[in-house]
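[1] What follows is a predicted structure for the sequence shown.
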Amino acid sequence: MRNTYLWLLQLITGILIAVLLGVHMVLMHLDAILGFFGVDATKITSWESMIERSNQGIWAGLYIALLAVVLYHALNGLRNVILELTPSVRTERVVTRVIVAFGIVTFVFCSYVPIALLSA
C-alpha cells in the first residue's frame, strides 16, 4: 500500500513539474508569448529585474516549490530504479536513507539562495 502512495505522489509531482516549469519558462524565456499578451519582456532577464523579482515572496516560493517537487520526483525515481536492481530489504533501507539524507541536504542548501535574496 505504501508503494501505491509513493507512485501516486510520483505522478502528482510529474504534473506539478510540468505546471511550475511551464510558468517559469513562459515568464523567463519566451518573450514572444509575453509580448503577444502585452507584457513588456525586453528586460526580464536583466540583473535589476532579477533582483526586483527576488524580493517578492511569490518568486521565492515558486522556486522553492519547483525545487522540492523536482527533488522528490528525481530522487524517488532513482530510488525505484536502484531497488529494482537490488532485492535485499537491508539494501532498500540503506538506499532509502541515503537518498532521503541527500535530498534534505540538497533542499536546504539550494533553498538558501531564494530565501537570502528575499530577505536582502
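    Yep, that arrived. In this text, all values refer to a predicted model and were calculated from it rather than measured experimentally.
[2] can you give me the helices for the chain?
    2-29, 31-36, 47-54, 57-85, 89-119 (DSSP state H).
[3] Comparing those, which comes out most buried?
    helix 57-85 (a mean of 15; mean count of other CB atoms under 10 Å). For the C-beta atoms, the positions are set from N, CA and C on the backbone; glycine is no exception.
[4] Show me what that one is packed against.
    helix 2-29, helix 89-119 (3 or more CB pairs under 8 Å, 6 or more residues apart in numbering; DSSP states H and E).
[5] Just want the angle from the longest one to helix 47-54.
    Here the directions of helix 89-119 and helix 47-54 differ by 110 degrees (axes from the mean of the first three to the mean of the last three CA atoms, to 10 degrees).
[6] Could you tell me the angle between the direction of helix 89-119 and that of helix 57-85?
    Going by the same axes, to 10 degrees, helix 89-119 makes 170 degrees with helix 57-85.
[7] follow-up on the earlier one: ranking the helices of the chain by mean pLDDT, which is last?
    The minimum mean pLDDT among these belongs to helix 31-36 (a mean of 66).
[8] ok so, going back, format the helices and strands packed on helix 57-85 as CSV; extra columns: distance to Ala65.
    As requested, the helices and strands packed on helix 57-85 are exported to CSV (distance: least, CB to CB, whole Å):
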stretch, distance to Ala65
helix 2-29, 6
helix 89-119, 10
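[9] Please consider this matter closed, and thank you.
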